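**Student:** Let me see the structure of the following:
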Amino acid sequence: MQGIEPKIHNSLTERMDSYRYLIKKMEEYDAESFEIISRASELQALYEDYLSNKKKLEKSIKDYKQFHDDLRKLITVKLRELKRKSKK
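**Tutor:** Alright, predicted model coming up:
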């Protein structure tokens, strides 16, 4: 699984902040600048969604590993017991 590099995302976010600042300062509003700002907002929403999903996935993996380990230990003990009983 490949993730999104925070450094790359933050770099673009900083550039967008500078862009917004300059547009407001120079009052250079046009359709393209609104489109760029809108797309930047969408990108931020997607990044936040990615972070949320990443946390959920990490929790799922952790829960799976714990469940797997617990079950493996239980089965190991039960198998030993059964093997001992079968040898008697």
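**Student:** which residue ranges form the helices in this structure?
**Tutor:** 6-26, 31-87 (DSSP state H).
**Student:** Find the centremost residue of the protein, please.
**Tutor:** Residue closest to the average C-alpha location in the chain (C-alpha atoms, centre = their mean): Lys54, at 2.3 Å.
**Student:** Spatially, what comes nearest to that residue if we skip its sequence neighbours?
**Tutor:** Nearest non-adjacent residue to Lys54, counting by C-beta to C-beta, 6 or more residues apart in numbering: Gly3, 6.7 Å away. Placement of C-beta: from N, CA and C, glycine included.
**Student:** sorry, back to before: do you know the pLDDT at the residue nearest to the centre of the chain?
**Tutor:** According to the prediction, Lys54 has pLDDT 94.
**Student:** Hmm, it is touching Pro6, no?
**Tutor:** No: in this structure Lys54 lies outside contact range of Pro6 using C-beta atoms under 8 Å: 10.8 Å.
**Student:** Which residues outside the lowest-mean-pLDDT helix or strand in the chain are in contact with it?
**Tutor:** Lowest mean confidence among the helices and strands of the chain (mean pLDDT, DSSP states H and E): helix 6-26, at a mean of 92. Under the contact criterion C-beta atoms under 8 Å, 6 or more residues apart in numbering, helix 6-26 has outside partners Glu28, Tyr29, Ser33, Ile36, Ile37, Ala40, Leu43, Gln44, Tyr47.
**Student:** Dump it to CSV, restricted to CA.
**Tutor:** C-alpha atoms of helix 6-26 as CSV (Å, rounded to 0.1, in the frame of the first residue of the first chain):
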residue,chain,number,x,y,z
PRO,A,6,2.6,14.7,4.1
LYS,A,7,5.6,16.7,3.0
ILE,A,8,4.3,16.9,-0.6
HIS,A,9,0.8,17.7,0.5
ASN,A,10,2.0,20.4,2.9
SER,A,11,4.2,21.9,0.2
LEU,A,12,1.2,22.3,-2.1
THR,A,13,-1.0,23.6,0.7
GLU,A,14,1.6,26.3,1.5
ARG,A,15,1.8,27.3,-2.1
MET,A,16,-2.0,27.5,-2.3
ASP,A,17,-2.1,29.7,0.8
SER,A,18,0.4,32.0,-0.9
TYR,A,19,-1.7,32.0,-4.0
ARG,A,20,-4.9,32.9,-2.1
TYR,A,21,-3.0,35.7,-0.2
LEU,A,22,-1.7,37.2,-3.4
ILE,A,23,-5.1,37.0,-5.2
LYS,A,24,-6.8,38.8,-2.3
LYS,A,25,-4.0,41.4,-2.0
MET,A,26,-3.9,42.2,-5.7
